[in-house]
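Undergrad: I would like the atomic coordinates for the input below:
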Amino acid sequence: MSLLPLSGISVVEYGTGLAGRLAGLLLADQGATVFVCREGGEPAALDVYLDRGKHIHAGTESAWSAGADVVIRDGIDTGERSHRQIRLAITAVLPGEDVYSFPDSVGDDILKAVAGFYTDLAITRKLLGDDVLYTPLPLCSIYASVIGATAVGAALLNRIQCGAGRDIVVSRLAAGLSAVGALALEVDGIPEHLKTHPLISLPPELEAHASEARADKAYFESLKRLMNPLFACYPAADGRQIMFLSVIHRQYARRLLEKLGIWEDMQALGVVDLPIYDPVNAEFADHNIAVAQNLSLPLRAKLAELIAAAVVRKPAEEWERTLGEDNIPCAMVRDFDEWRASDHARQSGIVETVGGCAWPQLGRVVRLATAQPYPPLQTCTTGRTLFPASKLPTATVAEKSTAPLAGMRVVDLANVIAGPACGRMLTELGAEVIKVDSTHPEHVPLVTVVWPGELSQGKRSILLNLHKENGREILRRLVAQADLVVFNKLDPVMTRLGLDRAGLARINPSAIAVQLSAFKGERPSSHDDYPGYDPILQAATGIMARFGSCDAPELHGLASCVDYLTGYIAAFGAVVALVARERRPEGGGDWVDTSLASAVSFLQLSFQVAPAAVGTADCLRQVKGGWICVEPANADIRGISELTVPEALAAAKSAGIIAAPVQSIAELKARHRDAPCANVAFKTDAGALPALNFQPTWFQFDGRPLPALAPAPAPGADAKDILLGLGYDAADIDRMISAEAVGQILWGASSAALKT
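TA: The predicted structure follows:
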């Protein structure tokens with residue numbers, strides 16, 4: 001059995017909040033010795049999961065915390081600590097917050113109201129006029145747990161290097177905002193031929209049908225298919241729904257229509273398949289399958305009709321299997337219990353049998369190759385246990401950098417949201433990140449140009465043609481200098497690039513790979529090489545059924561619910577692997593993996609024992625001109641429906657009731673763009689693609705936020721400097737640009753912009 005990466009690191013966990021307990025669980029799953037010190041009481045059903053692998057001690061033995069490597073608390077710890085100790089405080093809001101002054105014990109429902117989770121995640125429902133929809137997922141606490149555990153991992157690495165500890169504060173409100181960066185993003189300066197319609201929109205011709213769709217579930221489902229036929233659910237032969245998401249990737253779109261046998265029919269109607277990054281093809285935008293959200297309404301209607309007629313010929317599970325094996329993203333719509341009982345979830349270890357527990361639990365969310373095979377998971381132990389001496393190397397105390405990952409180098413090969421979010425979090429923590437994208441992208445500009453306005457902050461960018469040997473050689477040189485290589489490519493692709501486990505070890509024996517996939521778990525399983533996106537996993541694991549039903553599934557966010565969480569879990573795995581590498585006498589690289597399936601299951605952890613909603617929609621109250629959220633949910637405020645939002649909030653405060661406005665992200669921007677508060681602030685970056693983003697507030701080290709990130713570069717903008725740093729001279733660079741091994745800025749700027 002391999003040594004677990006955090007073996008011998010001692011953690012004392014105080015408090016009862018979900019976020020801190022989950023942070024402790026993440027550390028315990030990687031081998032940390034976690035002591036739980038809290039007052040006794042009747043255990044809750046979920047405690048057997050939250051306390052897994054920990055040591056339980058009734059009471060609060062404060063003397064213990066003095067010798068711990070890490071202490072986790074609800075709220076700020078004002079006591080003295082050893083200069084080598086790492087303290088993580090999970091708060092509701094950051095110290096100094098004067099706009100949203102909630103106690104640390106406040107529930108997630110209130111924080112979700114502030115962060116826009118009730119207004120911006122129900123995408124299709126919002127288009128039909130349902131402006132507020134309750135979500136029971138404890139999103140703020142779950143995001144805070146992963147961000148907090150990642151900060152602890154980065155601080156452990158920093159302590160090994162400089163001998164000093166850290167005081168870390170993670171606000172649950174700010175952590176929630178870290179999940180909706182793409183929804184708050186505004187990007188200007190995009191070339192005309194790269195501008196596209198939203199992925200899901202209600203064309204003006206269909207707006208008159210909204211009221212009918214609200215009243216008729218079947219009509220609503222057909223209307224959603226008209227909004228975007230390649231981003232929708234269809235009933236199969238067995239009556240089960242199958243979810244497709246091929247709209248954002250040219251090859252996936254074409255391949256799906258070919259496999260369904262309808263590509264020639266669409267060609268006969270004038271549909272073409274042309275690269276959208278060449279401006280000469282802009283004239284085909286309303287009938288180009290490569291940008292399917294731009295298709296004219298008659299073509300959308302015909303495409304939806306043809307897909308529906310094809311899908312009904314086979315059962316949903318057969319479609320999932322055959323299309324998955326053909327590398328086409330799709331999933332049968334399941335509820336959470338069906339997902340947990342599925343062969344794939346159990347075989348992969350995403351759902352595990354845990355010693356001492358009568359029901360199957362969610363397994364580890366991230367895995368390291370050097371820790372394989374992981375020991376079987378066990379429930380907690382109780383009673384007196386000898387507190388272990390720290391096994392962290394003891395360094396001479398040296399000056400610590402503001403950012404704990406300063407000096408680490410990362411090659412980011414990932415695309416869409418999850419992988420780039422991992423790279424951005426590593427950048428926030430101080431790593432130097434080089435973003436590598438394709439000279440011939442298959443994804444739509446939303447993925448390659450718009451979202452990077454948020455996800456590529458602080459990174460440098462180069463476009464490489466990895467079909468050419470010169471392009472692959474540049475990549476090898478980058479990897480040879482890297483500490484971490486982040487990618488969301490499946491194993492066959494990494495093998496073709498020469499960056500599978502054996503190939504990476506030859507190029508750089510010390511490099512740590514960080515792989516994000518759609519379906520992988522701790523063990524091999526049937527779905528390992530199936531592609532997928534956030535909404536596909538929402539369909540497969542129960543999220544869409546929970547917010548609609550199995551026969552009328554409903555999206556819960558497009559680029560927030562699962563994607564960002566997966567990226568942050570991957571960042572946690574990356575810093576744990578860096579710590580493990582420093583502690584191993586022989587050093588050496590590693591292979592970290594997590595998946596959308598692992599993250600979306602973690603997101604639903606509360607439903608392992610409570611199938612009903614966590615929290616209640618009763619906390620949402622409609623008032624004049626808006627909504628508020630109250631705690632407790634059954635609080636009585638007389639005449640509330642006749643009050644405006646400010647009046648209702650004032651009445652709640654007078655009655656001793658916690659309340660918050662239910663805000664959309666647009667309202668957040670209007671309120672705080674020019675009036676920032678401690679948790680909610682925005683920044684506008686200049687440059688080739690000016691962007692409006694959240695100012696990151698989710699990390700606070702030693703009483704200060706981490707340094708602000710540089711604006712996101714235009715794709716390919718840093719190629720010259722990157723290549724010079726790799727040892728190429730000006731003539732080499734000119735030759736590689738001419739040979740198209742290195743791409744032009746934004747795939748179309750003059751190559752002179754890169755030449756010396």
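
Undergrad: just give me the residue right at the centre of the protein.
TA: By CA atoms, centre = their mean, the chain has its centre lying nearest to Tyr564, at 1.4 Å.

Undergrad: report the distance from the host helix or strand of that residue to the chain centre.
TA: Using DSSP states H and E, Tyr564 sits within helix 563-583. Relative to its parent chain, helix 563-583 has a centroid offset of 13 Å by CA atoms, centre = their mean, to the nearest Å.

Undergrad: and it, what does it pack against?
TA: Counting contacts by 3 or more CB pairs under 8 Å, 6 or more residues apart in numbering; DSSP states H and E, helix 563-583 packs against helix 139-162, strand 367-368, helix 418-428, strand 484-487, strand 512-517, strand 590-595, helix 596-603. Where you see a C-beta, it was placed from the backbone N, CA and C, and this is true even at glycine.

Undergrad: need those in a markdown table with mean neighbour count and distance to Leu206, can you?
TA: A markdown table is the format used below for those (neighbours: other CB atoms under 10 Å; distance: least, CB to CB, whole Å):
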| stretch | mean neighbour count | distance to Leu206 |
| --- | --- | --- |
| helix 139-162 | 27 | 31 |
| strand 367-368 | 24 | 45 |
| helix 418-428 | 29 | 32 |
| strand 484-487 | 27 | 39 |
| strand 512-517 | 27 | 36 |
| strand 590-595 | 26 | 36 |
| helix 596-603 | 28 | 30 |
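
Undergrad: and Glu221, which of the ones you listed is closest to it?
TA: Proximity to Glu221 (CB to CB) singles out helix 596-603 among the helices and strands packed on helix 563-583, at 22.5 Å.

Undergrad: by mean pLDDT, point me to the weakest helix or strand of this protein.
TA: Here the helix or strand of the chain ranked lowest by mean pLDDT, DSSP states H and E is helix 62-65, holding a mean of 67.

Undergrad: the very next helix or strand once past that one: partners in the sheet, and parallel or antiparallel?
TA: Sequence order places strand 70-74 as the next helix or strand after helix 62-65, per DSSP H and E. In the sheet, strand 70-74 lines up against strand 10-14 (parallel), strand 86-91 (parallel) (DSSP bridges).

Undergrad: in a markdown table, list those strands along with distance to Ala179, mean neighbour count and mean pLDDT.
TA: Shown next, in a markdown table, are these (distance: least, CB to CB, whole Å; neighbours: other CB atoms under 10 Å; pLDDT from 0 to 100):
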| stretch | distance to Ala179 | mean neighbour count | mean pLDDT |
| --- | --- | --- | --- |
| strand 10-14 | 24 | 25 | 94 |
| strand 86-91 | 16 | 26 | 97 |
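
Undergrad: adding distance to Phe607, write those out as CSV.
TA: Below are the strands paired with strand 70-74 laid out as CSV (distance: least, CB to CB, whole Å):
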stretch, distance to Phe607
strand 10-14, 23
strand 86-91, 22
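
Undergrad: mind listing the helices in the stretch 651-756 of the chain by residue range?
TA: Under the criterion DSSP state H, counting those that start in this stretch, helices of the stretch 651-756 of the chain are mapped to 665-672, 719-725, 730-738.

Undergrad: deepest-packed of those helices, please.
TA: Highest mean neighbour count among those (mean count of other CB atoms under 10 Å): helix 719-725, with a mean of 18.

Undergrad: elements contacting it?
TA: On a contact count with 3+ CB pairs under 8 Å, 6+ apart, helix 719-725 meets strand 460-464, helix 730-738.

Undergrad: picking that back up, tilt between the helix holding Tyr564 and strand 512-517?
TA: Put simply, helix 563-583 runs at 160 degrees to strand 512-517, going by axes from the mean of the first three to the mean of the last three CA atoms, to 10 degrees.

Undergrad: so Ala741 touches Gly471, yeah?
TA: Yes: assessed by CB atoms under 8 Å, Ala741 is found in contact with Gly471 at 4.4 Å.
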